[in-house]
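Student: Fold the following for me, if possible:
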Amino acid sequence: MILQLIAIVGVISPLKLIWLMKKIFFFSLVVVLNTKLCLAQTIKPDIIIRKMNAVRTDKAPKVDGIIEEEIWKNAVESVEFSELKPVPGRKEKPGQQTAIKILYDNSGIYVAARMNETNSDSIARELAPRDEIGNADFIGIIFDTYLDKINGNGFFVTASGSQFDAKYSTGGNEDDNWNAVWESAVKIDAKGWTAEMRIPYSALRFSGNDIQKWGVNVIRMRQKNQQQLSWNPIDPSNNGFINQSGELLGISNIKAPVRLSLSPYVSSYVNNYPYNQPGLKNTTSSFNGGMDIKYGINQSFTLDMTLVPDFGQVQSDNQVLNLSPFEVQFDENRQFFTEGTELFSKGDLFYSRRIGVNPTFLQSANLNAGEKFVKNPIESKIINATKISGRTAKGLGIGFFNAVTNRMDATIEDKNGNRRYEQTQPLTNYNILVFDQNLKNNSSVSFINTNVLRQGSAYDANVSALDFSLNDKKNIWNIQGTGKMSNINSTGTVNDETGYSYNLRFGKQSGKFVYNFMQRLTDDKFNPNDLGILFNNNFLNNSVFGEINLFKGKKVYNEFHAFIRAFYSQRFKPRAYQNLELSSGMYMQLKNLWSVNSNIEWNPEGNDFYESRNGKVFKSSEYKFAGMNVRSNRSKKYSGGVFAYFNFKDQFDGRGYNTGFYQNFRFSNKFSLGNDISYEPQINYAGWVGSVTDGLSNNQQTIFSRFNRQTVENSLDGKYSFNNKMGITITARHYWSNRTNKDFYLLNGDGRLSSITGIKNEYDRNFNSFNVDMNYTWQFAPGSELTITWKDASASEEFENLKRYNNNFNHILNSPQNNSLSFKVLYYVDYLQLIKKRKF
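Tutor: This next block holds a predicted model:
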């Protein structure tokens, strides 16, 4: 099938693809500017709100997946699910109906679900690790315990018994890093399959009212048909997810329990790297211990603390060759910094990688004659980190975050073996404070403050923001904005600076046709990078965006989306044009569950004030881009896709491509393999390489080059699940990228390039990165797990082109490898369960 996909894209030449993309662009433009369609979609029907009843029980049902027990006969059954995909609003077919029952007692909520199927072969049940669905049917229940129609907690279980939980916030944003401890079981029978859950009150936050009234919805997924259903109807053209929930009635006289859990851990590491130097051991070992603590301060707020955390087993970063003037933004893989952080993400001021991994402030240690570095760490040790978060019954969310990292010292040795230590980063405290008030109509207003304090003479940083989002009564129109102020406290080396930024957006967010207008301004002194990330400041951006969404399909497709966007950017001080971008794209899911998406973009010549690294303008070339991606039905045992993207630049007749494919083989419900390969050549590109001193004027001259670049990324992932509690995962990735300079040019005062000779070519680059991450995980008790991790990592950079992929692959495999083997045991201790055991 991959060969067929490649053939489909391969027969289309770049020029034909651009012609095709232009047709799509103009088609999208006509649709978007259709005034009658715009007006017709302004009137929205009211959201349907169904009622579900929970029944109190004196005896807790056994959570075994068998729901024919006598106790469940007293519960009220909720039926009549509606389809969300592929045909919104369509009712369930006979023989495939869903039924839900809910009980509760003084300790938690119990859910029983019956998912009928015409035959058991229709049930997808791939085994997957916790918090991963895989190719499996699932059922899930989502509670909005404060009925604010903004926030919710979801609990899902697949037909193979794997658990998945998530938190939901504004607009239906899903935080799948949130984890709770709860029970579930499933059974397959002649009618289909059943699921049973017990969700303790310790996993939820709710008000202290005697009579509870919660928002609720139930979601079912049938993977083989890509059919998604919900108990309370969800209109995909209506903005939001939690706001389209039904109501859960009947719960009364429940109390929030003592929510206290401890998760102590011990870990051990053996690491090998072939230093082969006197005084340095090739093999080292370490033993660590620490603890995570969760404590419910009251029914609304929770303290979450990690003491001496160990993040050595998290997924390795995907290293790249960075030729841009900006830093690379890596994903956050440390669970403490990804779980339950939706409040701290308000205002876009928090980039958690600043804590310990990628600190902004890093002093360079000075070497004297004859000295060398024995150790020069770039990551600081986290001593502790604390989160306090929650929301009151009146909708006020409060978040407090604090983390402390230890000082870092470089170890320096002279030729006589004498060692000294020089500080590269001081003891540092990171702090965030958030107030987020829910308002009517799913609106909100927030205040956010981030603060970084460093010991000694190093500078401190503070950023504050006021953020708001306001919707009309029918949730059709929205206006949102953020005002920010940053301040850096002066020290002996850094001047006191205060900067400002704001963004404002207004638009229509519900209906088949949506659009918005946005403006964003950041002055030349705004800097949130001590705890956030901003690639550059000093800009004024304006954009307009329009999109048509057709959720009810026709003969050929199930759903269709098309957009157009115009973006205009200026430098703020002194005011100057930077760039203009016009783009369009579409996505379509076909009736056979294949999907196609394509994009086209055009940029005229612009002024780039960043590529030169010194503020001088560089006239960026006119740029044309077109691309297409085709993906097969992902519910099949073998699925995959192919993509091809092309771009053209006027300067030096530059051109680039990005082509590749991805595929997944599901050999059984236990074993699967995936492979992604991409090839991205860039020909006759122009970019900065460095600076040289003019021998006559003694001034620094900025040097650019015309260069070719090749990038190949090849990754493999595999999974074998013994059962829904135990499995092995492996990820391997090889990345190769190079830069071969052809000619050198001087950057002139007008931003143009003029040829220059006599430059010695010391700027070629050849970079390889290879890493393997293999994990064995066993969840031996609720919330407790044993993890064994093996990592192999290597990276090399040369200033000459090794050519050919095979040469580079062999080179990186023969380079020094850093191998690490670690064992970690984490044990979950719940205070209430511990008390019960002691009583007996």
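Student: For the residue most central in space within the chain, which non-adjacent residue is spatially closest?
Tutor: Nearest residue to the geometric centre of the chain (C-alpha atoms, centre = their mean): residue 331, 6.8 Å. Spatial nearest neighbour of residue 331, excluding adjacent residues (C-beta to C-beta, 6 or more residues apart in numbering): residue 317 at 7.6 Å. The C-beta positions use only the backbone N, C-alpha and C, and glycine is treated the same way.
Student: In a helix, that neighbour, correct?
Tutor: No. Applying DSSP: H, G, I helix; E, B strand; the rest coil, one finds residue 317 to be coil, outside a helix.
Student: any idea of the pLDDT on it?
Tutor: On pLDDT, residue 317 comes in at 91.
Student: Just to check, residue 466 is in contact with residue 447?
Tutor: Yes. Between residue 466 and residue 447 there is a contact under C-beta atoms under 8 Å: 5.7 Å.
Student: Give me the below-cutoff pLDDT ranges for the stretch 51-200 of the chain.
Tutor: 171-172 (pLDDT under 70).
Student: count of neighbours near the residue nearest to residue 331?
Tutor: 16 (other C-beta atoms under 10 Å).
Student: That one is in contact with residue 330, isn't it?
Tutor: Yes. With contact defined as C-beta under 8 Å, residue 317 reaches residue 330; the gap is 4.9 Å.
Student: Tell me how far residue 408 lies from residue 820.
Tutor: As for residue 408, its distance to residue 820 is 20 Å (criterion: C-beta to C-beta, to the nearest Å).
Student: Please identify which of these two sits among more neighbours.
Tutor: Neighbours were counted for residue 408 and for residue 820 using other C-beta under 10 Å; residue 408 has more, 23 against 18.
Student: ok, what's across the strand from that one?
Tutor: residue 425 (DSSP bridges).
Student: Report the contact partners of it.
Tutor: By C-beta atoms under 8 Å, 6 or more residues apart in numbering, the contact set of residue 408 is 377, 380, 423, 424, 425.
Student: one more time with 10 Å
Tutor: By C-beta atoms under 10 Å, 6 or more residues apart in numbering, residue 408 lies in contact with 359, 362-363, 365, 375-381, 422-428.
Student: Kindly report the same for residue 223.
Tutor: 122-126, 133-138, 158-159, 634-635.
Student: Where do the strands of the stretch 701-840 of the chain begin and end?
Tutor: Counting by DSSP state E, counting those that start in this stretch, the stretch 701-840 of the chain has strands at residues 726-747, 753-755, 765-781, 784-798, 818-826, 829-830.
Student: Now distance to residue 48 and mean pLDDT too, for these, in TSV please.
Tutor: Putting these into TSV (distance: least, C-beta to C-beta, whole Å; pLDDT from 0 to 100) gives the following:
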stretch	distance to residue 48	mean pLDDT
strand 726-747	40	96
strand 753-755	62	95
strand 765-781	39	95
strand 784-798	41	95
strand 818-826	43	95
strand 829-830	38	90
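Student: overlap in contacts of residue 466 and residue 447?
Tutor: residue 347.
Student: about what we covered before: from what I see, the residue nearest to the centre of the chain and residue 353 are in contact.
Tutor: Yes. Using C-beta atoms under 10 Å, residue 331 is in contact with residue 353, at 8.5 Å.
Student: what residues do those two have in common as contacts?
Tutor: When contacts are counted by C-beta under 10 Å, 6+ apart, residue 331 and residue 353 are jointly contacted by residue 317.
Student: Alpha carbons of stretch 368-378, as PDB, please.
Tutor: Provided in PDB are the C-alpha atoms of stretch 368-378 (Å, rounded to 0.1, in the frame of the first residue of the first chain):
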ATOM      1  CA  ASN A 368      43.500  29.300  32.300                       C
ATOM      2  CA  ALA A 369      46.500  28.100  30.300                       C
ATOM      3  CA  GLY A 370      47.000  24.400  30.600                       C
ATOM      4  CA  GLU A 371      43.600  23.700  32.100                       C
ATOM      5  CA  LYS A 372      40.800  21.500  30.900                       C
ATOM      6  CA  PHE A 373      37.200  20.700  31.900                       C
ATOM      7  CA  VAL A 374      36.800  17.400  33.800                       C
ATOM      8  CA  LYS A 375      33.100  18.100  34.300                       C
ATOM      9  CA  ASN A 376      30.900  20.900  33.000                       C
ATOM     10  CA  PRO A 377      27.200  20.200  33.600                       C
ATOM     11  CA  ILE A 378      24.500  22.000  31.600                       C
END
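Student: and the nearest residue to residue 265 once chain neighbours are set aside, bridged to which residues?
Tutor: Leaving out its chain neighbours, the residue that sits closest to residue 265 by C-beta to C-beta, 6+ apart is residue 826, at 4.3 Å. Beta bridges link residue 826 to residue 265, residue 785 when assigned by DSSP bridges.
Student: List only buried entries from the contacts of residue 408.
Tutor: Neighbour-count burial (16 or more other C-beta atoms under 10 Å) is assigned, among the contacts of residue 408, to 359, 365, 376, 380, 422, 424, 425, 426, 427, 428.
Student: Dump those into CSV; add pLDDT and distance to residue 178 as well.
Tutor: Converted to CSV, the buried ones among the contacts of residue 408 look like this (pLDDT from 0 to 100; distance: C-beta to C-beta, whole Å):
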residue, pLDDT, distance to residue 178
359, 71, 26
365, 72, 40
376, 79, 37
380, 85, 27
422, 85, 41
424, 85, 35
425, 87, 31
426, 90, 33
427, 92, 31
428, 93, 27
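Student: nearest to residue 597, of those?
Tutor: residue 359 (37.9 Å; C-beta to C-beta).
Student: Tell me who's in contact with that closest one.
Tutor: Contacts of residue 359 (C-beta under 10 Å, 6+ apart): 353, 378-380, 405, 408, 424-425, 428, 430, 452, 454, 530-531.
Student: go on, residue 690?
Tutor: 613, 700, 701, 702, 703, 704, 705, 744, 759, 762, 763.
Student: What degree of burial does residue 737 show, as a neighbour count?
Tutor: Residue 737 has 22 neighbours, counted by other C-beta under 10 Å.
Student: In contact with it, which residues are there?
Tutor: Contacts of residue 737 (C-beta under 10 Å, 6+ apart): 320-323, 680, 682, 709-713, 765-769, 797, 808.
Student: Okay, helices next: where are they in the stretch 101-250 of the chain?
Tutor: With DSSP state H, counting those that start in this stretch as the definition, the stretch 101-250 of the chain shows no helices.
Student: now residue 389, nearest residue through space, not along the chain?
Tutor: Excluding its sequence neighbours, the residue lying closest to residue 389 (C-beta to C-beta, 6+ apart) is residue 399, at 4.4 Å.
Student: coming back round to it: out of the contacts of residue 359, which two sit at the greatest distance?
Tutor: So, those by C-beta to C-beta: farthest apart are 424 and 531, at 18.9 Å.
Student: JSON lines please, covering the strands of the stretch 701-840 of the chain and showing distance to residue 507.
Tutor: JSON lines is the format used below for these (distance: least, C-beta to C-beta, whole Å):
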{"stretch": "strand 726-747", "distance to residue 507": "39"}
{"stretch": "strand 753-755", "distance to residue 507": "40"}
{"stretch": "strand 765-781", "distance to residue 507": "41"}
{"stretch": "strand 784-798", "distance to residue 507": "44"}
{"stretch": "strand 818-826", "distance to residue 507": "45"}
{"stretch": "strand 829-830", "distance to residue 507": "46"}
